[in-house]
Structure formats: structure tokens, C-alpha cells
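K.L.:
Prediction below, plus the sequence it came from.
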Amino acid sequence: MKWHHSLYWRIAVGFVACLALLLLVQAMLFVWVVSRSAQIPNQPPDRFAQTVALDATEALERDPALDLAQYLRQEYDSHAQPFFVLLKDGRAVEINESFPDPMVREARERFDGLLHGRPFDPRFEGRFGRGGPDGFDREPFGRGGPFNERNPDAPGRGSGRGRGFGRGPGPRPFRPAVIRLNNEVVALVVVPPAPPFSFLLARYAPALGLVALATLIVGAILAAAVIFGPARKRLRSVEDAARRLGAGDLSARAPMTGRDEVAAVATAFNAMADDLSARAEALAASDRARRQLLADVSHELTTPVTAMRGYLETLGMAELNLDEPTRARYLAIIGDETGRLERIIGDLLDLARLEGGGGAFSVDDVAVDRLFERVIARHERAAAARDVMIRTEIAPDAGWVRGDQDRLEQALQNLAANALRYAPSGSALTLGAQRDGDFVVLSVADEGAGIAPEHLPHVFDRFFKADASRAVGQSDGGSGLGLSIVKAIVERHGGSVSVQSAPGRTVFRLKLRIQN
């Protein structure tokens, strides 16, 4: 990804742009406020006029032939607020600003009156000033009585009391200052009460620009360190975790610190990673089971096929003279192995249909005693041959279950055949039914040697066969699919199957609902 497409970059640019705009607006507001005020900070107009007049007076006293206009330009040009000086010869020296003609003309009229001894009347309503088109105060010389330069602090004449040049009511007044040489007035210094906006902008723009630039840089650094730094670090950790997960590291997780959007993203990522990890483990387990199933199926199918091939090859040898009993025995073995092969294939197909949800179930109320009678009828001869007694124990409230009669009978038949395979002579096989809430528990118990504890978790796995020593006088331990079929049938009924075993007693229990 290109750097200018980064989310961090766009956020940073927007943040810095907003900060720059804020600083610009603040600077413009400051300049505007100052321009509307009656003075520049720390330099009132009347005081500045007195400073200029005093400086010019001292310069003239040192050099009476001094060119006052040139001196003022050298000393104050570009270093002071705008003002102008009216010289006795009629010239107007403007410093740092061009002033409107009405303002200069009005000031000259009043200065001429002062030179000729006429009273100085500042109450003249000028054509410029506060609110005027030129932006200067409409009463640049204040309000009050005639200006008396010999006694400027007289009441009403700039003392700050009444309506003179002081800071009385009304617009902020100011008073001009005179420049003397040998007690003779030679010039009048006039400083407008409100400096022009252009002057303020030119004077303060460099300093404000530097301050704004420094603030912008510092603000950007602080924003990067305080705002964007932690978020970038946390998002980078989420990115690293995603890369590790994509590379196959299923243990990769993102830190879930905080309660903001980044934490929400990390939480969602970790949930996804947990789900992927669980699915990967399930797929791995399924793959292992598939491989084991293929190996088991191959082994189980190979055994009868190998036996059949061996005997068929033997029977096909023309040079081998077999007597009739031997030939009949070989053919009987081939028949047995063929039947065994058919049973294995049939069980595999049956199990595949059950686990895949195939095969129609005819669900109805099934009498438990009827199921047990059919199981006993099928296995009574084998039980009598083994000297094993089959008995039933049915609780009064456990006489009915809900399910497919044929499939439930198949499950009980498999359990009974398995129990008879391991039941010792003289023992009993018990078919029981008990009520457990909304369920009926059907059980098949034998009195055999029991199943080893390490084998109990695997007895319902395909082709799993417990320790052969448990079998009593049995050469055929079965295909190893019977219990897997039992589990599939019960789970298709919405029930569960379990086993409990100890030396002398092994019980398989089928937990089925009374009604759907």
C-alpha cells in the first residue's frame, strides 16, 4: 500500500489542516481586535505621539539645521505604528502608512489654527474616523474643549476628565503632540487612535507565522505521539496477528486492550481466529479419522479376501489331489469369509447412511417388552449354547419409547450379540428399562471380564476392538462396526449412548425420549 493511501496519513493531514485553520483564524481575530482597539498593546497613541515629539525636539536641540522629515523616516520607518507629522512649512511627513487626505487636511487646519493663536477645537466632526470608509476614528482628536498645548491637563482638555482628550465617555480619544525648537512650535505629531489593518498584518504576521508554525509542528508531533502512536501500534499488532494466522499459526491472537474501535477489531479478529482454530482442529481430527477408517476398512476387507484367495488357489491346483472332506471344508471356509465380507460391506453402508442422515425412519410408539422379546428370540440358541441366561427388567413406567422399531431392535441386537460374545459360561445377560425424567434408558448388561478403562472412550469408534483377552472362546471378534452403528441409530433418535464397565459387569445404556 502506498503511503499516501494510508489511513494514518489522511487522518494526520486532516488534523494538521484543522489545526492550521484554527491558528489562522485566531491570528486574524487577534489582528482584527487590535485594529478595532484604540491602541497597540503597551503603546497608547497619545503616549507614542509624545515619545516621537520628545525625540524630535531633542534632535533639533542638538542640531537646529536637522532635516526633521528625513530624521523621522530614518528613525521610525518600518519600526513603529503609523503616524504623520505636520511641519511648519506645510509639509506632511507620513510614516509607515499613507493617510487619507481628509484626515491630513483636518489636522493641518487645526495645526494652522494653533500656529496662529486660534483656539484648538477638537469637536469638529471630521469626514473620517470610527466607522468611516477609511477605517479611522471619526474623532481623532477626541471630544472636549479647545486644545491648550500650554496646559494639556486642564479640565476638558485631555486630562481624562469630562469630554476632553482623556479617557472619558465616548470613543477612545487621543491627543497630538507638538515639536518645539526654542519654545517655538515647529511641527505636530498625529497618531491615529486605531492603526490600519494592513500595518498590523505586516507588523505581526511574521511573528504570528513563526508562532503558528512552531505550534503546528509541536501539535503535529504531540498528535502523532499521543493520538496516532498508540492506535498505530495496536493496529500493527492486529496486522501482525493476521499475518501470522494467514501463515498457519493458529495460536496467533491480537491484544484486546482498551474499549475503542481498535479493541473491537481485535476482539472480532480473535473470535474469528478461535473459530478457525476450532474448525482446523475438527478438520484435522476428521482427516485423521478418515485415514484411520481407510486403513481399518482396508484391513478388515483384506483379511477375508486373502483367506478366500488362498483357498481358491489351493482348490484350483490340478496337481493337488484333495479328498472330498478337505475340499468341502475349504469351500465352507470360503463361504464363511464371503458372508463375513458381505456383513462388513453391509455394516459400512448402513453406518454411512445413518451418519449422513440418509435412510427413512418410521417413528412411532414402540413397546419395550416387544423389543426385548425379539432380541431374546434371536439370541436364545446362542445363549443356551454358551450356558448364558437372558433376563429382562422393565420398570412399570418405562414400557414405551418413541422411535423406529426396526432400528431400535437393530441397536439392541448388536449390543446383545456383543455381550454374548464376552459373557462367560454360567453368567446372565440382562435387558433392562428404567424411567429417567422424559427419557427411558434401555440397558444391556453382561457379567464378563469388563473393558479396560483406557479403551472405554473408544468403544464406539469404527473398527475398534478391545483387548482380545476379554473374549471368551471366540475366534471371531466381530467387524468392529456394531457399536458404531448403535451410536448412530441412537443419535438419529435424538438420544445418547454410554458405557460403564468394571470386572464382572459391563453395561451399555441407550437414553431415548418417551415422546418427540
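P.N.:
Received it, and whenever you're ready, just let me know what you need.
K.L.:
what helix or strand does residue 185 sit in?
P.N.:
Per DSSP states H and E: residue 185 is located in strand 184-190.
K.L.:
any idea how far residue 292 is from residue 285?
P.N.:
10 Å (CB to CB, to the nearest Å). Quick note: C-beta positions are derived from backbone N, CA and C, even for glycine.
K.L.:
what are the ranges of the strands in this protein?
P.N.:
83-87, 92-95, 177-181, 184-190, 363-367, 389-394, 400-404, 428-436, 439-446, 496-502, 505-513 (DSSP state E).
K.L.:
how near is residue 242 to residue 252?
P.N.:
Separation of residue 242 from residue 252 (CB to CB): 8 Å.
K.L.:
Residue 438 now?
P.N.:
In this view, residue 438 and residue 252 are 45 Å apart by CB to CB.
K.L.:
Could you check which of the two has the larger neighbour count?
P.N.:
residue 252 (18 against 8; other CB atoms under 10 Å).
K.L.:
May I have the phi/psi pair for the more buried one?
P.N.:
Dihedral angles of residue 252 (phi, psi; degrees, to the nearest 10) stand at phi -70, psi 130.
K.L.:
mind checking pLDDT for it?
P.N.:
If you check residue 252, the pLDDT there is 89.
K.L.:
Nearest the middle, which residue of the protein would you pick?
P.N.:
What sits nearest the mean C-alpha location of the chain, by CA atoms, centre = their mean, is residue 265, with 2.2 Å.
K.L.:
list the contacts for the nearest residue to that one once chain neighbours are set aside?
P.N.:
Using CB to CB, 6 or more residues apart in numbering and skipping residues adjacent in sequence, the residue nearest residue 265 is residue 238, 6.0 Å away. Contacts of residue 238 were listed using CB atoms under 8 Å, 6 or more residues apart in numbering, and they are 254, 262, 265, 266, 269.
K.L.:
List buried residues within the residues you listed.
P.N.:
Buried subset of those (neighbour count, 16 or more other CB atoms under 10 Å): 254, 262, 266, 269.
K.L.:
Hmm, the second one is touching residue 236, no?
P.N.:
To tie it back to what came earlier, the one meant is residue 262. No - Residue 262 lies out of contact with residue 236 (CB atoms under 8 Å); the separation is 10.4 Å.
K.L.:
Now mean pLDDT and mean neighbour count too, for the strands of the chain, in TSV please.
P.N.:
Converted to TSV, the strands of the chain look like this (pLDDT from 0 to 100; neighbours: other CB atoms under 10 Å):
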stretch	mean pLDDT	mean neighbour count
strand 83-87	90	23
strand 92-95	89	18
strand 177-181	88	21
strand 184-190	89	21
strand 363-367	88	14
strand 389-394	93	16
strand 400-404	89	20
strand 428-436	93	18
strand 439-446	94	23
strand 496-502	92	16
strand 505-513	92	20
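K.L.:
out of those, nearest to residue 457?
P.N.:
strand 496-502 (9.6 Å; CB to CB).
K.L.:
now that closest one against strand 505-513, angle please.
P.N.:
Orientation check (axes from the mean of the first three to the mean of the last three CA atoms, to 10 degrees): strand 496-502 against strand 505-513 gives 160 degrees.
K.L.:
so what does strand 496-502 touch, helix or strand wise?
P.N.:
Where contact means 3 or more CB pairs under 8 Å, 6 or more residues apart in numbering; DSSP states H and E, strand 496-502 is packed against helix 482-492, strand 505-513.
K.L.:
For the strands of the chain, give me TSV that also has distance to residue 111.
P.N.:
As requested, these are exported to TSV (distance: least, CB to CB, whole Å):
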stretch	distance to residue 111
strand 83-87	5
strand 92-95	10
strand 177-181	9
strand 184-190	5
strand 363-367	120
strand 389-394	133
strand 400-404	121
strand 428-436	120
strand 439-446	118
strand 496-502	115
strand 505-513	117
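K.L.:
buried residues in stretch 70-89?
P.N.:
Those would be 71-73, 76, 80-88, for stretch 70-89 by 16+ other CB under 10 Å.
K.L.:
Check stretch 57-68 too.
P.N.:
57, 59, 60, 68.
K.L.:
In helices, which of those appear?
P.N.:
57, 59, 60, 68 (DSSP state H).
K.L.:
Residue 107 versus the first one, what's the distance?
P.N.:
For residue 57, the distance to residue 107 (CB to CB) stands at 19 Å.
K.L.:
Of all the strands of the chain, which one is nearest residue 354?
P.N.:
Comparing the strands of the chain by CB to CB, strand 400-404 comes nearest, at 11.0 Å.
K.L.:
quick one, helices of this protein?
P.N.:
Using DSSP H, helices in the chain cover 7-36, 45-62, 68-76, 101-115, 197-222, 229-246, 261-316, 324-355, 368-385, 405-422, 482-492.
K.L.:
For the first one, give the mean pLDDT please.
P.N.:
It stands for helix 7-36. Rounded mean pLDDT across helix 7-36 is 71.
K.L.:
Report the angle between that helix and helix 229-246.
P.N.:
Using the same axes, to 10 degrees: helix 7-36 against helix 229-246 is 170 degrees.
K.L.:
Likewise for the last one?
P.N.:
Here helix 482-492 runs at an angle of 130 degrees relative to helix 229-246 (the same axes, to 10 degrees).
K.L.:
ok and helix 482-492 relative to helix 405-422, angle-wise?
P.N.:
Going by the same axes, to 10 degrees, helix 482-492 makes 150 degrees with helix 405-422.
K.L.:
quick one: least confident helix or strand in the chain?
P.N.:
helix 7-36 (a mean of 71; mean pLDDT, DSSP states H and E).
K.L.:
who are the neighbours of that helix, in terms of helices and strands?
P.N.:
Using 3+ CB pairs under 8 Å, 6+ apart, helix 7-36 is in contact with helix 197-222.
K.L.:
related to what we said a few turns ago, can you list the ones in helices among the buried residues of stretch 57-68 in a markdown table and add distance to residue 371 and pLDDT?
P.N.:
Output for those, formatted as a markdown table (distance: CB to CB, whole Å; pLDDT from 0 to 100):
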| residue | distance to residue 371 | pLDDT |
| --- | --- | --- |
| 57 | 132 | 91 |
| 59 | 131 | 91 |
| 60 | 135 | 91 |
| 68 | 132 | 90 |
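K.L.:
and residue 346, how many neighbours?
P.N.:
Count around residue 346 with other CB under 10 Å applied: 12.
K.L.:
so what's the backbone phi/psi at residue 116?
P.N.:
The phi/psi pair for residue 116 (degrees, to the nearest 10) is phi -90, psi 10.
K.L.:
Quick check: can you list the domain ranges of this protein?
P.N.:
Under the assignment automatic domain parsing, the domains of the chain span 3-27+201-246, 38-193, 261-352, 362-513.
K.L.:
lowest-confidence stretch among these?
P.N.:
Taking the mean pLDDT of the domains of the chain, domain 38-193 comes last: a mean of 67.
K.L.:
Next, format the ones in helices among the buried residues of stretch 57-68 as JSON lines and append distance to residue 202.
P.N.:
Putting those into JSON lines (distance: CB to CB, whole Å) gives the following:
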{"residue": "57", "distance to residue 202": "29"}
{"residue": "59", "distance to residue 202": "26"}
{"residue": "60", "distance to residue 202": "30"}
{"residue": "68", "distance to residue 202": "25"}
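K.L.:
Return the member of those nearest to residue 334.
P.N.:
Among these, and counting by CB to CB, the member closest to residue 334 is residue 59, at 139.8 Å.
K.L.:
about what we covered before: out of the strands of the chain, which is closest to residue 247?
P.N.:
Short answer: strand 496-502, nearest of the strands of the chain by CB to CB, at 40.1 Å.
K.L.:
Cool, thanks, talk later.
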